[in-house]
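> got a structure for you, letters missing:
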């Protein structure tokens with residue numbers, strides 16, 4: 001597509017958007033009108049900077065679409081690896097970096113002075129509650 005055709009289409013879309021933005025300004029107020037005007041100027045700015053030509057070439061080039069697909073695959077693989085690493089936690093020998101922080105945090109909590117009741121009341125507390133409190137203390141939760 002020629003530069004003149006791209007510019008004419010972008011100018012037309014911008015003008016239609018500005019007319020719609022004026023109507024939105026009259027009906028809904030200045031905030032909505034300004035937002036519409038800002039979005040309406042985007043096609044003209046894209047044509048003037050050459051971004052539109054890139055997207056026109058992209059739409060008709062199988063090689064560029066393959067590049068977009070490869071970039072999308074890279075993003076999906078990166079996100080999947082992050083999910084796998086966060087699930088693994090401390091298990092496995094490769095999870096030292098992911099799980100080491102959790103172990104240090106729990107060890108740090110265990111070294112801090114405990115708040116609340118340390119054990120059953122001396123007058124004969126509930127043995128089940130004592131067991132629950134012991135488990136919570138062992139895990140650094142008190």
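Perfect, thanks for sending it. Model, not experiment: these values are computed from the prediction.

> check what pLDDT the residue minimising distance to the centre of the chain gets.
The geometric centre of the chain, computed from its C-alpha atoms, lies nearest to residue 79 (C-alpha atoms, centre = their mean), at 10.4 Å. Turning to residue 79, the model gives it a pLDDT of 91.

> pull the contacting residues for it.
Contacts for residue 79 were tallied using C-beta atoms under 8 Å, 6 or more residues apart in numbering; there are none. The way it works is simple: take the backbone N, C-alpha and C, and place the C-beta from them, glycine included.

> how far away is it from residue 87?
Counting by C-beta to C-beta, to the nearest Å, the gap from residue 79 to residue 87 is 13 Å.

> before we move on, what about residue 28?
Taken as C-beta to C-beta, the span from residue 28 to residue 87 is 46 Å.

> next helix or strand past the helix or strand of the chain with the lowest mean pLDDT?
Among the helices and strands of the chain, helix 96-111 carries the lowest confidence by mean pLDDT, DSSP states H and E, at a mean of 52. Towards the C-terminus, the helix or strand next in line after helix 96-111, according to DSSP states H and E, is helix 127-138.

> buried sites along that following helix?
Taking 16 or more other C-beta atoms under 10 Å as the basis for neighbour counts, the residues of helix 127-138 that come out buried are 133, 137.
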